[in-house]
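how does the following fold in three dimensions:
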Amino acid sequence: MSVGIISKVHPVRSHSNAAQGGINAALNPGDSWESHAFDTIKGSDYLGDQDAVEIMTREAPEEILHLEHLGVTFHRNEEGKLGTRAFGGASAARTYYVADITGQAIMHVLYEQLMKYSEQIARYEEWFCSSLAIDENGECCGVVTRNVADGQVELFQAKSVILCTGGNGMVWKPSTNALICTGDGIAMAYRAGAKLMDMEMIQYHPTTLAGKGFLITEGARGEGAHLLNAKGERFMEKYAPNKMELASRDVVSRAEQTEINEGRGFPDGTVALDITVVPKKRVHEALREIVLVGRDFAGVDITREPIHIKPGNHYTMGGVKTDVDGRTDIPGLYSAGETACVSVHGGNRLGANSLLDTLIFGKRSGRDAAARAKRIDYSRASKQVLEDEENLVADIISREKGSGRRISEIKLELGQTMDAKVAVFRDEAGITEALETVRRLKEEAKTAYIDDHGSVFNQDLLGAIELGYMLDNAECTCVAALERKESRGAQYRTDFPERNDTDWLKHIDLERTDDGPEISYSEVTITQWEPQERTY
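Numbering: from 1, shown residues only. Down below sits the predicted model:
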């Protein structure tokens, strides 16, 4: 096979670098894939598709061993065996980790492996993808790209295209996500006619630095850290008496936000994470990155005093609707990882399931895409796709300074609006206001201008294209959040505070039309775990 990897940043700068806590697998004696599957389904608030969850949890142990054999230096216990830590929503300690840099460790090892095959696999590093090429039969036959280094526009023709471009965290401000997470793949698939699913399900991580959005890993709570309000109370006793700080992320985020909203937080709108209860030696061994984050960005020595945190935007549970082999409803187009919605995460992802999701379904997508490429002939995209791209760029560059708003102003207003209105708690009035703002910003983006008109590393231009992606993602999120008139997982509607399985145990699908996203529904696949009340 001829394989090319296109990335808008150098691959080891991709956002999986930021995955701190670990990767789940039922590898220990006494644990089982069934237990892992049930925890994942319960965590999803029963919106996860159980056939996909079964595949992911069954294949997880083999994937961990594969990574370990490739050279990922997972933590080992005193006996020299692979050691685990506890993570939220799990009934066993099944999270394998490399201190608090697990994503970075996996990323570098996989890139090393890629280099072994560098003669067979072409790498296009720092090439920006802007649209998918669709042939006259409605099949995906390539992608339009821009070389960031010199502005050259190219059409890469392919029999199969796999989108794995991450989530859309930059739609919210602040976010734990890297600046590159602008929902590119989700928007490109949506514009090409693929369905999106569960776009209302946006995870807020319970422990992020206020104002900056930096992630404080769930591993801290896995090591035994406590959450405290301004009165010094360990408030999770009220909300999740059995799991305490290790309840699922949506439960902990809502508990924190409730404490803050009801006046028991600190004056800066936060609660405290107390890591001083973890032995200092263990903190430096297992949580060294967040020791540095605390020192450099909050001026706090986390081994001596609590650090102030609050819920922050973190992860996109929804995305491009796919089957368990990564196929979208456009032939030839696949998706995996945070860009895709299989859905193994449903309404709420368990910590340390995201790296697993990416690896398991990335592999399955790759295999199916390769098999497809072997059995079909090339089809040609029309030259129109390149012309459309050149016209788009020419239009952005032709706008005179002062003709509209700055790209950065629109991004800021978008992020602040979404964080205020479509966050941990939502209601109809707030979501409607956010949707109106997003649609106004879409109009304003048509005249927004940039300063850099050059072709070399023109991040200004790429930022303008990314803004379009972000606005499409935001519109879809608002439409789906408004439609789901219940509270389930990360979608907590204060005007519909109960989960309603009778009417809403289903996925919300969205398809692009000239009038905005069109809503349809699809069934949740249930194999052996019937929905029940979710408590921790």
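
pretty sure Lys280 contacts Thr303?
Yes: at 4.8 Å, Lys280 and Thr303 qualify as touching, with contact defined as Cβ atoms under 8 Å. Placement of C-beta: from N, CA and C, glycine included.

ranges for the strands of the stretch 251-400 of the chain?
For the stretch 251-400 of the chain, the strands defined by DSSP state E, counting those that start in this stretch cover 271-274, 307-316, 319-321, 333-335, 340-341.

out of those strands, flag the one nearest Ala474.
In terms of Cβ to Cβ, the element of the strands of the stretch 251-400 of the chain nearest to Ala474 is strand 307-316, at 11.7 Å.

now for that closest one, which elements pack on it?
For strand 307-316, the packing partners by 3 or more Cβ pairs under 8 Å, 6 or more residues apart in numbering; DSSP states H and E come out as strand 202-209, helix 249-261, strand 271-274.

send me that strand as CSV with only the CA atoms.
Written as CSV, here are the backbone C-alpha positions of strand 307-316 (Å, rounded to 0.1, in the frame of the first residue of the first chain):
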residue,chain,number,x,y,z
ILE,A,307,-4.0,24.4,44.3
HIS,A,308,-7.1,26.2,43.1
ILE,A,309,-9.0,24.5,40.3
LYS,A,310,-12.4,24.5,38.5
PRO,A,311,-14.1,22.5,35.7
GLY,A,312,-12.8,23.3,32.3
ASN,A,313,-13.5,22.3,28.7
HIS,A,314,-11.6,19.1,27.9
TYR,A,315,-13.0,16.6,25.4
THR,A,316,-15.4,16.1,22.5
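
just the buried residues of that strand, please?
Neighbour-count burial for strand 307-316, counted by 16 or more other Cβ atoms under 10 Å, picks out Ile307, His308, Ile309, Lys310, Pro311, Gly312, Asn313, His314, Tyr315, Thr316.

dump these to JSON lines, plus distance to Phe74.
Output for the buried residues of strand 307-316, formatted as JSON lines (distance: Cβ to Cβ, whole Å):
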{"residue": "Ile307", "distance to Phe74": "27"}
{"residue": "His308", "distance to Phe74": "32"}
{"residue": "Ile309", "distance to Phe74": "27"}
{"residue": "Lys310", "distance to Phe74": "31"}
{"residue": "Pro311", "distance to Phe74": "29"}
{"residue": "Gly312", "distance to Phe74": "27"}
{"residue": "Asn313", "distance to Phe74": "29"}
{"residue": "His314", "distance to Phe74": "23"}
{"residue": "Tyr315", "distance to Phe74": "23"}
{"residue": "Thr316", "distance to Phe74": "27"}
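
any idea which of those is closest to Ser522?
Nearest member of the buried residues of strand 307-316 to Ser522, counting by Cβ to Cβ, is Thr316, at 18.1 Å.

need the nearest residue in space to the closest one, chain neighbours excluded.
The shortest distance from Thr316 to any non-neighbouring residue, by Cβ to Cβ, 6 or more residues apart in numbering, is to Gly167 (3.5 Å).

so what pLDDT did the one you found get?
Looking at Gly167, its pLDDT is 96.

going forward, the N-terminal residue is numbered 768.
Done: numbering now begins at 768, and the last item shifts to Gly934.

please tell me how far it sits from Pro796.
Per Cβ to Cβ, to the nearest Å, Gly934 is found 35 Å from Pro796.

likewise Gly1099?
43 Å.

these two: which is more packed in?
Taking other Cβ atoms under 10 Å, Gly1099 and Pro796 do not tie; Gly1099 has more neighbours (26 against 5).

the more buried one and Val1152, how far apart?
14 Å.

again, but for Ala956
Using Cβ to Cβ, we find Ala956 at a distance of 15 Å from Val1152.

next one: Lys940
Per Cβ to Cβ, Lys940 is found 32 Å from Val1152.

now the strand or helix carrying Ile1275: mean pLDDT?
If you go by DSSP states H and E, Ile1275 is part of strand 1273-1280. Across strand 1273-1280, the average pLDDT comes to 98.
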